[in-house]
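>>> here is my input; please provide its structure:
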Amino acid sequence: MSNYTYQHFNVTFPPEHQYVAHVEINRPDKLNAFIEAMWLELADIFTRLSSDPSIRSIVLTGAGDRAFSAGLDVKAASEGLLSNSPESDLDFARRAAHLRRHIASFQDSISSIEKCEKPVIVALHGIALGLAIDISVAADVRICSSDARFAVKEVDIGLAADIGTLSRLPKVVGNFGWVKEVALTARAFGAEEALRVGFVNRVFGNKQEAVKGALELAGLIATKSPVAVQGTKELLNYSRDHTVQEGLRYTTVWNSAMLQTKDVSAALLSGIQKRKPTFEKL
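Below you'll find the predicted structure:
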């Protein structure tokens, strides 16, 4: 297994779940609030896991009992990206260009979760605000504990959410009216409402149960053909953003190559022989 050592994240590989990586945000003393170094590390982690042949699915959690993540570390951001004091040698247009590049880099870091070839399951608990929503909607599956408290908080700090929530959350829940309500008011909503609108798939009694459930789900996915799993994620994400006909066309092109895998015959043969199939690393 490659060395995944980071300052603000723990990356482990549970022995009871083969081919599964567990990524844990590790800044619990600050409610796992993000500073710039963290989103740069996040991008590196998911980019590496995407091409790691030993990994087939990923679980993302937050350390500590109080919060998955309180979002962006506003104090640190106010002294950096959100600072009102423009550089003395930059006019407004040049400062805007600098901010645009910085925001795009931030967006790309969070999008690394969605672009990761492996399915990502996020287990949310406690406080999950602002950037926590951006992160979770970039994942493939969301589950939470019953104590989870969510909010799209950006309007409360004078911003329109710009790292993915406004683009992805409406597609996740399929309800623009509800998204506009929570985004415009920044009001909190809990696990029951999140389940009702389809933001999360399941609600568990506590964090420990949610993490266990996420790892079990990731473990189940990891038993499937990695060719089939990665293709399914790719085709679903593509079809979400294109017409049905475009999705069918892309599926035709994708599967014209992927159907040549030995995994199909291995899966069919194991079904006939009533045994658990095994698949090579991808």
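>>> isn't Val173 right up against Gly198?
Yes - assessed by CB atoms under 8 Å, Val173 is found in contact with Gly198 at 4.8 Å. No exception for glycine: its C-beta is placed from N, CA and C like everyone else's.
>>> the more surrounded of the two?
Of the pair Val173 and Gly198, Val173 is the one with more neighbours under other CB atoms under 10 Å, namely 18 against 13.
>>> list the contacts for that one?
By CB atoms under 8 Å, 6 or more residues apart in numbering, the residues touching Val173 are Val179, Val197, Gly198, Phe199.
>>> distance of the first one relative to Gly64?
Translated: Val179. 28 Å (CB to CB, to the nearest Å).
>>> so, low pLDDT: which residues of this protein?
1, 80-88, 271 (pLDDT under 70).
>>> so where do the strands sit in the stretch 101-250 of the chain?
120-124, 127-129, 141-145, 149-151, 189-190, 202-204 (DSSP state E, counting those that start in this stretch).
>>> chain center to the first one: distance?
If you compare the mean C-alpha spot of strand 120-124 with that of the full chain, they lie 7 Å apart, counting by CA atoms, centre = their mean, to the nearest Å.
>>> next one: the third one
Distance, stretch centre to chain centre, for strand 141-145: 11 Å (CA atoms, centre = their mean).
>>> try the last one
Average the C-alpha atoms of strand 202-204, do the same for its chain, and the two points are 17 Å apart (CA atoms, centre = their mean).
>>> now swap in the fifth one and tell me
Here strand 189-190 shows a centroid-to-chain-centroid distance of 19 Å under the convention CA atoms, centre = their mean.
>>> and the residue lying closest to Ser225 once chain neighbours are set aside, how far from Gln18?
Leaving out its chain neighbours, the residue that sits closest to Ser225 by CB to CB, 6 or more residues apart in numbering is Asp263, at 3.8 Å. Plainly put, Asp263 is 16 Å away from Gln18 if you go by CB to CB.
>>> which one of these two has more residues nearby?
Higher neighbour count among Asp263 and Gln18: Asp263, with 21 against 12, using other CB under 10 Å.
>>> pick the most buried one from the strands of the stretch 101-250 of the chain.
Ranked by mean neighbour count under mean count of other CB atoms under 10 Å, these are led by strand 120-124, which reaches a mean of 28.
>>> mind giving me the packing neighbours of that one?
Contacts defined by 3 or more CB pairs under 8 Å, 6 or more residues apart in numbering; DSSP states H and E place strand 120-124 against strand 57-62, strand 67-69, helix 131-138, strand 141-145, helix 207-222.
>>> stretch 201-213: which residues count as buried?
Applying a neighbour-count criterion of 16 or more other CB atoms under 10 Å, one finds Arg202, Val203, Phe204, Lys207, Glu209, Ala210, Val211, Gly213 buried in stretch 201-213.
>>> what are the ranges of the helices in the stretch 151-282 of the chain?
All helices of the stretch 151-282 of the chain, identified by DSSP state H, counting those that start in this stretch, fall at 165-173, 176-185, 191-197, 207-222, 226-240, 244-258, 263-272.
>>> can you list the domains in this protein?
By the assignment in the TED database, the chain contains the domains 9-223, 226-273.
>>> dump those to CSV, plus distance to Phe279.
CSV is the format used below for the domains of the chain (distance: least, CB to CB, whole Å):
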stretch, distance to Phe279
domain 9-223, 8
domain 226-273, 5
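>>> single out the most deeply packed of those domains.
domain 9-223 (a mean of 19).
>>> hang on, Asp65 packs against Gly126?
Yes - at 6.7 Å, Asp65 and Gly126 qualify as touching, with contact defined as CB under 8 Å.
>>> for Val179, what are its contacts?
Applying CB under 8 Å, 6+ apart, one finds that Val179 lies in contact with Leu166, Leu169, Pro170, Val173.
>>> which of those lies closest to Glu24?
Leu169 (23.7 Å; CB to CB).
>>> one step back: closest one to Leu42 out of the buried residues of stretch 201-213, please.
Val211 (18.4 Å).
>>> quick check: bridge partners of the nearest residue to the closest one once chain neighbours are set aside?
Nearest non-adjacent residue to Val211, counting by CB to CB, 6+ apart: Ala123, 5.0 Å away. Going by DSSP bridges, Ala123 is paired in beta bridges with Ile143.
>>> just checking, Glu192 touches Val203?
Yes - with contact defined as CB under 8 Å, Glu192 reaches Val203; the gap is 7.2 Å.
>>> how far away is Leu40 from Glu24?
In this view, Leu40 and Glu24 are 17 Å apart by CB to CB.
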